[in-house]
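# Predicted model and sequence follow; I will ask about them next.
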Amino acid sequence: MFRMCGEPTRMVGKVRLAVVAVGSVAVVLTATPFVPSNQWWIRIWDFPRLQVAAVLLLVLFAAPFVMSLRDRRSAAFIGPVALALGWQAYSVAPYTPFHPTEAEAVLRCEEDSRLRLLALNVKAGNKNADRVLALVRRIAPDLLLLVETDRWWARQLEPLEGIYPHVVAHPRDNGYGFHLFSRFELVEPEVRFLVEKDVPSIKTGVSLPSGEVVDFYGLHPKPPPIQDTAERDAELLIVGREVRKEAASSIVAGDLNDVAWSQTNRLLQETSGLLDPRIGRGPYATFNANWPLLRWPLDHVFFEDAFRLLAIAVLPDVGSDHFPFFVSLCYVSTASSVGEQPEAAPSELEAAEEAIEEGHEEAGE
């Protein structure tokens with residue numbers, strides 16, 4: 001009789017122990033990104049905020065069933081879990097439809113002011129070139145940025161040269177090559193190595209049919225855990241600093257290997273004034289295409305408020321570990337953001353300069 005009563009008690013105890021263990025780990029992982037460090041094992045926990053929030057929510061749901069809420073020890077556990085959940089929710093809330101949009105959307109645009117952009121990390125080991133080519137032909141973007149292209153991919157992409165008259169090809173076998181295809185004339189395109197000697201990026205003017213020339217930056221810095229994040233952050237913030245100083249309207253796109261809600265992306269927006277079309281619309285997770293429960297937004301298209309948003313979409317799987325990311329824009333020279341345009345305080349500009357200097361030091365320059 002006692003054994004029968006004791007079995008459920010022992011089972012509840014085991015479940016309670018599991019709930020406390022999982023909740024404690026989730027709280028620690030929530031707090032870890034607060035550590036002021038560029039170590040990859042710290043910054044990587046910026047990525048799975050949605051997943052950690054889901055775990056915290058499950059812990060809060062389960063707690064009343066396995067512990068007494070009147071017990072002080074229970075309160076000491078539930079309190080930090082609730083705070084951690086609140087912080088995670090606060091961090092990702094801008095990337096939901098419940099938040100005001102930052103980039104204004106329009107339904108119509110003059111044809112000569114449109115710019116349809118498709119960005120995709122093809123993955124160097126991905127041999128599904130036919131699927132990529134079929135997608136490009138179906139979507140027919142005006143500007144196509146492909147990263148992680150190597151010499152094999154360069155051969156597979158040759159048919160696109162008959163469609164796109166303007167091409168910048170920089171294949172590399174280290175996972176950091178890229179191809180840029182454009183229907184529109186490219187003005188003074190240049191391949192640059194902003195921080196690391198083996199990580200190229202591109203800057204070019206793009207001449208729209210309307211006659212306007214906009215600046216385009218294509219980026220693909222190294223991610224954690226391949227290395228710590230100082231070099232990645234420096235590259236992003238160097239471009240942010242340039243965008244702020246340039247007279248032309250700018251677009252920054254690519255696999256930035258950083259999530260939309262990270263401190264670095266926030267600083268990039270504030271130092272540059274760039275807008276994120278995800279804000280007020282959704283996370284639009286692009287990585288990892290192979291892990292349905294572990295996905296986050298790593299591929300980005302930021303733009304200045306001279307543009308209006310016509311469309312934004314994550315497109316179907318093409319065999320890569322990234323989904324293609326599509327954004328259609330309308331250039332309006334008198335544009336102004338519906339939301340508050342990101343703007344950096346002097347302290348944030350100083351933080352950006354310090355991050356750039358640290359990135360150069362880590363890269364040995």
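Thanks, I have the structure now. Values in this document were obtained by computation on a predicted structure and should not be read as measured data. Numbering: from 1, shown residues only.
# What lies in contact with the helix or strand S328 falls within?
Take DSSP states H and E as the rule and S328 turns out to sit in strand 325-331. Under the criterion Cβ atoms under 8 Å, 6 or more residues apart in numbering, residues 106, 109-110, 113-120, 139, 141, 208, 210, 212, 214, 249, 251, 253, 277, 284, 286, 299-301, 303, 306-315 lie in contact with strand 325-331. All C-beta spots, glycine's among them, are computed from the backbone N, C-alpha and C.
# Mind doing that once more with 6 Å?
Strand 325-331 is contacted by residues 106, 109, 113, 115-119, 208, 212, 286, 299, 301, 307-308, 310-313, 315 when judged by Cβ atoms under 6 Å, 6 or more residues apart in numbering.
# in its sheet, what does that strand sit against?
Partners of strand 325-331 in the sheet, by DSSP bridges, are strand 114-121 (antiparallel), strand 307-314 (antiparallel).
# which helices and strands does the helix or strand that that strand is followed by pack with?
For strand 325-331, the succeeding helix or strand toward the C-terminus, using DSSP H and E, is helix 346-362. When contacts are defined as 3 or more Cβ pairs under 6 Å, 6 or more residues apart in numbering; DSSP states H and E, helix 346-362 sits against helix 230-245, helix 263-272.
# any chance of the ones you listed in TSV, with distance to E361 too?
Output for the helices and strands packed on helix 346-362, formatted as TSV (distance: least, Cβ to Cβ, whole Å):
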stretch	distance to E361
helix 230-245	8
helix 263-272	17
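# Let's have those helices in JSON lines, adding mean pLDDT and distance to Y95.
Output for those, formatted as JSON lines (pLDDT from 0 to 100; distance: least, Cβ to Cβ, whole Å):
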{"stretch": "helix 230-245", "mean pLDDT": "95", "distance to Y95": "18"}
{"stretch": "helix 263-272", "mean pLDDT": "93", "distance to Y95": "11"}
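# if we can go back for a sec, buried subset of the contacts of strand 325-331 as a ChimeraX selection?
The ChimeraX selection below is limited to those of these classed as buried (16 or more other Cβ atoms under 10 Å):
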select :109,113,115,116,117,118,119,208,212,286,299,301,307,308,310,312
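# what about the strands in this protein?
In the chain, the strands defined using DSSP state E lie at 114-121, 143-147, 166-170, 178-182, 185-192, 201-207, 213-219, 250-255, 299-303, 307-314, 325-331.
# of all the ones you listed, which lies closest to W41?
strand 250-255 (20.9 Å; Cβ to Cβ).
# Who are the packing partners of the closest one?
Contacts defined by 3+ Cβ pairs under 6 Å, 6+ apart place strand 250-255 against strand 114-121, strand 213-219, strand 299-303.
# Including mean pLDDT, could those go into a markdown table?
A markdown table is the format used below for the helices and strands packed on strand 250-255 (pLDDT from 0 to 100):
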| stretch | mean pLDDT |
| --- | --- |
| strand 114-121 | 98 |
| strand 213-219 | 97 |
| strand 299-303 | 98 |
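# can I get these in a markdown table with distance to H322?
Below are those laid out as a markdown table (distance: least, Cβ to Cβ, whole Å):
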| stretch | distance to H322 |
| --- | --- |
| strand 114-121 | 4 |
| strand 213-219 | 14 |
| strand 299-303 | 6 |
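# For the strand holding S328, C-alpha coordinates in CSV please.
Extracted C-alpha coordinates of strand 325-331, given in CSV (Å, rounded to 0.1, in the frame of the first residue of the first chain):
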residue,chain,number,x,y,z
PHE,A,325,15.7,35.3,-48.8
PHE,A,326,13.7,37.5,-51.2
VAL,A,327,13.0,41.2,-50.8
SER,A,328,11.4,43.5,-53.3
LEU,A,329,12.0,47.3,-52.8
CYS,A,330,10.7,50.5,-54.3
TYR,A,331,13.0,53.5,-54.5
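# From A285, how far out is the most centrally placed residue in the chain?
Computing the C-alpha centroid of the chain and ranking residues by Cα atoms, centre = their mean puts L298 first, at 3.1 Å. From L298 over to A285 the distance is 8 Å, taken as Cβ to Cβ, to the nearest Å.
# Could you pull out the buried residues of stretch 195-212?
If you call a residue buried by 16+ other Cβ under 10 Å, then stretch 195-212 has these buried ones: 195-196, 199-208, 212.
# same thing with stretch 181-193?
181-184, 186, 189.
# closest to S37 among the residues you listed?
S37 lies nearest to P189 out of the buried residues of stretch 181-193, by Cβ to Cβ, at 36.3 Å.
# separation between that closest one and F181?
The gap separating P189 from F181 is 12 Å, by Cβ to Cβ.
# Equivalent analysis for G86, please.
On the measure of Cβ to Cβ, G86 and F181 end up 45 Å apart.
# Could you do T286 as well?
According to Cβ to Cβ, T286 stands 19 Å off from F181.
# ok, now R172?
Counting by Cβ to Cβ, the separation of R172 from F181 is 17 Å.
# contact partners of stretch 69-88?
Defining contact as Cβ under 6 Å, 6+ apart, one finds that stretch 69-88 is touched by 23, 27, 30, 49, 52-53, 56, 59-60, 63, 67-68.
# Mind telling me the two of these farthest from one another?
R49 and S68 (30.4 Å).
# Neighbour count for the two, which is higher?
R49 (25 against 11; other Cβ atoms under 10 Å).
# residues in contact with that one?
88, 91-92.
# what's the pLDDT at it?
For R49, the pLDDT comes out at 97.
# and if you look at the one 10 residues further on?
What the model reports as pLDDT for V59 is 96.
# again with A351
At A351, pLDDT is 79.
# and it, what does it touch?
Neighbour list for A351: empty [criterion: Cβ under 6 Å, 6+ apart].
# now with 8 Å?
A351 neighbours (Cβ under 8 Å, 6+ apart): L267.
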